[in-house]
Structure formats: structure tokens, C-alpha cells
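K.L.:
Dropping a prediction and its sequence here:
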Amino acid sequence: MTYNLHPAILVLQDGRIYRGWTLINSVISFGEVVFNTGMTGYQEIMTDPSYAEQIITFTYPEIGNTGINHEDNESNKIHIKGIIAKNICFSPNNWRQQESFINYIFNNQIPHIFGIDTRALTKHLRKTGSMNGCISSKHLNPYMLSTKFKDTPLIKGSDLVQQVTTSKNYEFQGYSHKHFSYLQYKTDKTYGYGLKIILIDFGVKYNILSRLDNYGCSIQVLPATSSYEAINTYNPDGIILSNGPGDPSVITYAIKTVKKIIKYTNLPIFGICMGHQIISLALEGKTFKLKFGHRGLNHPAGMQQKAEVTSQNHGFAVTQESLYKDIINITHFNLNDTTVAGILHNKKPIFSVQYHPEASPGPHDSDYLFKYFISLIKQFKQYNNYNNSSLDQTR
């Protein structure tokens, strides 16, 4: 198929202008311009709900080399507001490819611009911070576009969870297709058999569900707005709070629910990214917006000379000073900027991380956390069964 190139423009809210090309004529898209340093994973990024309302700058100089397949999507739709690239590959080649990248962005009408200096753009965002921007091939007048920024909401203060969470409860039944994952071949598929896991969906990635499914868990997915009472009716063995987009501090309905779960139960809880922030807020912590966020596959996280290479994607973090040391133990720091990357409740089976242990593609250093979570559930079930048995014998 032959494609025509059309001139396009990228305008940032601070007035910086970049000119390039697009395959789609007459498009205009506003969103927060951020950058991702991963060398792979463009398909997963485009379909990751955590990137809702964002325009992604890919720092790797060429994307699209491995094409697109029908198995690596992280959700059932495209969530990003646009793509910024130095170069787009027109001749991809990979044994799993089912569609070329340019066909994919053209057929799905994904706003994009390429042919610009993404290194210069990234350095600018690092210096000034992430900000709203616009990709346009419909209007090429920067002044006309800049007047519309006042109508584009900021990520800070925005509840984006409700636009990506599931609208109804459902039981995850696995994939209808063969989901390709290196990790599925290294998993004990009976280790979590019979365990009932509730996953609160703030914008869950498929691969989180896949990792739990590979351990044999029974997974019920509930909307982010689910009440404590609704969750309790499922009598779960454990709860996972998923990743998601937007400002965690305004997800007050979820914070209220998690507060009740922590107060009235001893259920094991595992929080991932947004889930980590929700747990921290429920424990009276505070969050803040990072200058340009953490987005990539090579972020070191750890403590005391131990580090894991992790996949990260977030624009907010938990304020260390707001965490009460008698309640929360910090287990991981981001070793690039020392922001909080992991916590553990001192008295209850609750832990969370500010990175993605399911990482696909990406490093597998932190995949053990899923097995740790299941192990924690099994230990508490055994403990509760023992206590109930002992109580019965004393009656």
C-alpha cells in the first residue's frame, strides 16, 4: 500500500514548535506530551490505559521495526492521544508480525508526527517538565493551535480512571488466543489454584491478569468505583489494585473503599502503580506530580545495595515525608531520583510497588512479586484456618 506524506506540526504549551510529517491528513490532537525511553514495546504503550490522554515521545530513533501482532495489546483499545517519533519503519520484519506498524497507525487513525529531533524534544521536556501539546496536520498555524490550550485539561487534578475502568464486573477466563509470554513457561500453573483474587480495575494491563492466570488463580475484575460492601460479597482471598492513569489524589471513591478494606479486614493486598498510590493515600500519605515522570524499561529500584531493573510508567509519586514510619516500611526507592518505589505495611499483609512487575516487554527482575503475593495469601489462609481450628477445640 502506498502512503502520502503530509506536513504536520507539534506545538507545546510553552510555545516551542517542531515540524515534521504524518501519514494522516487533517488530524488534530491535544494531550500531555511525555517521553518513554524503552527500545521496544510501542504496541504495549499504545494500548496501555495508563497512557490515556498523553502524547508519547519515543526516544528510540526508529519505531515500528517489529510490526504489530494481535497478541501483545495491553487492552482492547488504543488509549494514547498521539505518537512522536524520529523515524517510522516502513519495512518491518519479525516472525510474530501480523500487520505493519504504518498500516496499524493509518487504519486506526492514530495522530502522529515523525521526522523531528526527538532528542532535542526530550531534553526540552527534561528541563521544563511535561506539558500539554498538540499534533496537527489540519492547521499548521502555531498561533491558532496555541489559543486552544486553555480548553485542554491538565493531568494534575484529572480523574482519568473512570474513562478506562471496566463498566461491569467480570471473571477473567484467560485469553481466547495463545498469549505469547516467556514467563508463562516458568510459572507453576497450580501454585495459586483455587485462590479467589479480586482485581480493582483502575486501568489494568492484560499482562497483570495473565500473570495471575498463569498461577491458576480465579480472578474477578471489578470497576474502580466498587464499594467495600460489593467487594466483600465475593469473600476474596486477596485483592490487587491495578495500574491506571491520571491524578491519584482525586480518586477519592477508591481511597475511601481501600481505607475500609484495610480497617475492617486482614486481606492481603498488592498495589501496582496507581494501586500503590491509592494504598499510600488510604494510609494518610500524599502524592505529587513528577516534573517529567518515569517511563521506560530500565529504571533501577531497590535499597541497601540491592537493585531490580524495572519497567515504569507514571507521572505521580508518593511523598516520602508523608508516610508514617510506625505504619509503613519503605522497601524500594527509585535509584535515579530516590522517590518512593515500594512500601510494606508493618502490621497487615499489604504491599505495593511504583513499577510494573508484569513487564512485557521489559525486565523480569520483579516478576517474583506475583508469587510472593500468592504465598502471602496462602500463609494467611493457613493461619486463619489454624486459629479457627484451635478455637473450635477449646469450645
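P.N.:
Right, received. Where do you want to start? Since the model is a prediction, treat every value here as computed from it, not as a measurement.

K.L.:
okay, now the domains of the chain?
P.N.:
Listed domain ranges for the chain are 6-151, 161-385 (source: automatic domain parsing).

K.L.:
Just send the ones you listed back as JSON lines, with mean neighbour count and mean pLDDT too.
P.N.:
Where C-beta positions appear, they are placed from N, C-alpha and C, glycine not excepted. Formatted as JSON lines, those follow (neighbours: other C-beta atoms under 10 Å; pLDDT from 0 to 100):
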{"stretch": "domain 6-151", "mean neighbour count": "19", "mean pLDDT": "96"}
{"stretch": "domain 161-385", "mean neighbour count": "19", "mean pLDDT": "94"}
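
K.L.:
what sits against the nearest residue to residue 22 once chain neighbours are set aside?
P.N.:
What sits nearest to residue 22 in space, not counting adjacent residues and going by C-beta to C-beta, 6 or more residues apart in numbering, is residue 8, at 3.9 Å. Contacts for residue 8 (C-beta atoms under 8 Å, 6 or more residues apart in numbering) come out as 19-22, 27, 112-113, 135-137, 140.

K.L.:
Adding secondary structure and distance to residue 195, write those residues out as JSON lines.
P.N.:
As requested, these are arranged in JSON lines below (DSSP: H, G, I helix; E, B strand; the rest coil; distance: C-beta to C-beta, whole Å):
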{"residue": "19", "secondary structure": "strand", "distance to residue 195": "54"}
{"residue": "20", "secondary structure": "strand", "distance to residue 195": "50"}
{"residue": "21", "secondary structure": "strand", "distance to residue 195": "51"}
{"residue": "22", "secondary structure": "strand", "distance to residue 195": "48"}
{"residue": "27", "secondary structure": "coil", "distance to residue 195": "46"}
{"residue": "112", "secondary structure": "strand", "distance to residue 195": "42"}
{"residue": "113", "secondary structure": "strand", "distance to residue 195": "46"}
{"residue": "135", "secondary structure": "strand", "distance to residue 195": "45"}
{"residue": "136", "secondary structure": "strand", "distance to residue 195": "50"}
{"residue": "137", "secondary structure": "coil", "distance to residue 195": "50"}
{"residue": "140", "secondary structure": "coil", "distance to residue 195": "56"}
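
K.L.:
Stretch 128-148: how far from the chain's middle?
P.N.:
The chain centroid and the centroid of stretch 128-148 are separated by 26 Å under C-alpha atoms, centre = their mean, to the nearest Å.

K.L.:
follow-up on the earlier one: nearest to residue 90, out of the contacts of residue 8: which one, please.
P.N.:
Nearest to residue 90 out of the contacts of residue 8 is residue 21 (C-beta to C-beta; 12.1 Å).

K.L.:
what pairs with the residue nearest to residue 22 across the strands?
P.N.:
Note on residue 8: beta-bridge partners by DSSP bridges are residue 20.

K.L.:
And residue 31, by the same measure?
P.N.:
Under the criterion used (DSSP bridges), residue 31 bridges to residue 133.

K.L.:
likewise residue 84?
P.N.:
Counting by DSSP bridges, residue 84 is bridged to residue 57, residue 113.

K.L.:
Verify the stated contact: it with residue 34.
P.N.:
No. Using C-beta atoms under 8 Å, residue 84 is not in contact with residue 34; the gap is 9.7 Å.

K.L.:
residues shared between the contacts of the two?
P.N.:
By the contact definition C-beta under 8 Å, 6+ apart, residue 84 and residue 34 are jointly contacted by 55-57.

K.L.:
Can you tell me which of the residues you listed is nearest residue 154?
P.N.:
Using C-beta to C-beta, the shared contacts of residue 84 and residue 34 come closest to residue 154 at residue 55, 13.8 Å.

K.L.:
And the residue nearest to residue 22, how close does it get to residue 145?
P.N.:
Residue 8 sits 11 Å away from residue 145 when distances are taken as C-beta to C-beta, to the nearest Å.

K.L.:
Name the residues contacting each of those two.
P.N.:
Here residue 8 and residue 145 have residue 136 as joint contacts, going by C-beta under 8 Å, 6+ apart.

K.L.:
separation between the residue nearest to residue 224 when sequence neighbours are not counted and residue 5?
P.N.:
Of all residues not flanking residue 224 in the chain, residue 165 sits nearest, at 4.2 Å (C-beta to C-beta, 6+ apart). As judged by C-beta to C-beta, residue 165 and residue 5 stand 38 Å apart.

K.L.:
Residue 150 now?
P.N.:
On the measure of C-beta to C-beta, residue 150 and residue 5 end up 31 Å apart.

K.L.:
Contacts made by stretch 317-324 with the rest, please.
P.N.:
Identification of contacts with stretch 317-324 by C-beta under 8 Å, 6+ apart yields 276-277, 280, 283-288, 290, 330, 334, 339-340, 343, 354.

K.L.:
so how far is that stretch off the chain centroid?
P.N.:
Centroid separation between stretch 317-324 and its chain, computed with C-alpha atoms, centre = their mean, is 20 Å.

K.L.:
What of stretch 239-249?
P.N.:
8 Å.

K.L.:
quick one: the helices in this protein?
P.N.:
Using DSSP state H, the helices of the chain run over 42-46, 101-107, 118-128, 142-146, 206-214, 228-232, 252-264, 274-282, 368-394.

K.L.:
which stretch among those comes nearest residue 157?
P.N.:
helix 252-264 (12.3 Å).

K.L.:
Who are the contact partners of residue 104?
P.N.:
Contacts of residue 104 (C-beta under 8 Å, 6+ apart): 68, 110.

K.L.:
got the end-to-end distance for stretch 104-118?
P.N.:
Using C-alpha to C-alpha, to the nearest Å, one end of stretch 104-118 lies 22 Å from the other.
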